[in-house]
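*Asks:* Attaching a predicted model along with its sequence, questions to come.
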Amino acid sequence: MSKLEPLIQSGRLDNLVDALSLVSDTVDLLDPAMVEKLALLFEQITGATWSLGNAVRMASAQTAAQTEAPSLRQLLSLLRQEDTRRGCAVALRTLNVIGRQL
């Protein structure tokens, strides 16, 4: 009991009890369907992060391989490429959805 007294006086025991209560409530909420949904969400987020990271690494490597910075004309010529237009469309549609949600 003497070892618990400093914890009680400082309020740390209350924090410990709150943490244990949170863990208990979380265990009660996690049924198999919820675990499956969380696993799917984690998988989707991981996949999106991986794809985005790869795209940034590839674009960075291609840009670093150029000896000089691209001119404005060269940047605008990228818009002729179908992949660039698709990427711009994804970015603009994403901004559209975010704007609707605000």
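*Replies:* Cool, the structure landed.
*Asks:* Need the pLDDT of residue 102.
*Replies:* Predicted confidence (pLDDT) at residue 102: the value is 87.
*Asks:* ugh, wrong one, residue 16
*Replies:* For residue 16, the model assigns a pLDDT of 84.
*Asks:* can you start the count at 780 instead of 1 from here on
*Replies:* Sounds good: first residue 780 from here, last item residue 795.
*Asks:* quick one: what helix or strand has it in it?
*Replies:* Taking DSSP states H and E as the definition, one finds residue 795 inside helix 791-808.
*Asks:* for that helix, which positions count as buried?
*Replies:* For helix 791-808, burial by neighbour count (16 or more other C-beta atoms under 10 Å) applies to no residue. In this view, the C-beta of every residue, glycine as well, is placed from N, C-alpha and C.
*Asks:* and whatever helix or strand comes next after it, how far out from the chain's middle?
*Replies:* Later in the chain than helix 791-808, the nearest helix or strand by DSSP H and E is helix 811-844. Taking C-alpha atoms, centre = their mean, to the nearest Å, one finds the center of helix 811-844 at 8 Å from the center of the full chain.
*Asks:* Let me know the next secondary structure element after helix 811-844.
*Replies:* Beyond helix 811-844 in the direction of the C-terminus, DSSP H and E gives the next helix or strand as helix 851-856.
*Asks:* Quick check: mean pLDDT of that next one?
*Replies:* Regarding helix 851-856, the rounded mean pLDDT is 92.
*Asks:* so how far is it from its chain's centroid?
*Replies:* The gap between where helix 851-856 is centred and where its chain is centred comes out at 31 Å by C-alpha atoms, centre = their mean.
*Asks:* C-alpha coordinates for it, PDB please?
*Replies:* Extracted C-alpha coordinates of helix 851-856, given in PDB (Å, rounded to 0.1, in the frame of the first residue of the first chain):
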ATOM      1  CA  LEU A 851       8.200  26.400 -68.800                       C
ATOM      2  CA  ARG A 852       7.700  25.000 -72.300                       C
ATOM      3  CA  GLN A 853       9.000  21.600 -71.300                       C
ATOM      4  CA  LEU A 854       6.700  21.600 -68.300                       C
ATOM      5  CA  LEU A 855       3.700  22.500 -70.500                       C
ATOM      6  CA  SER A 856       4.700  19.800 -72.900                       C
END
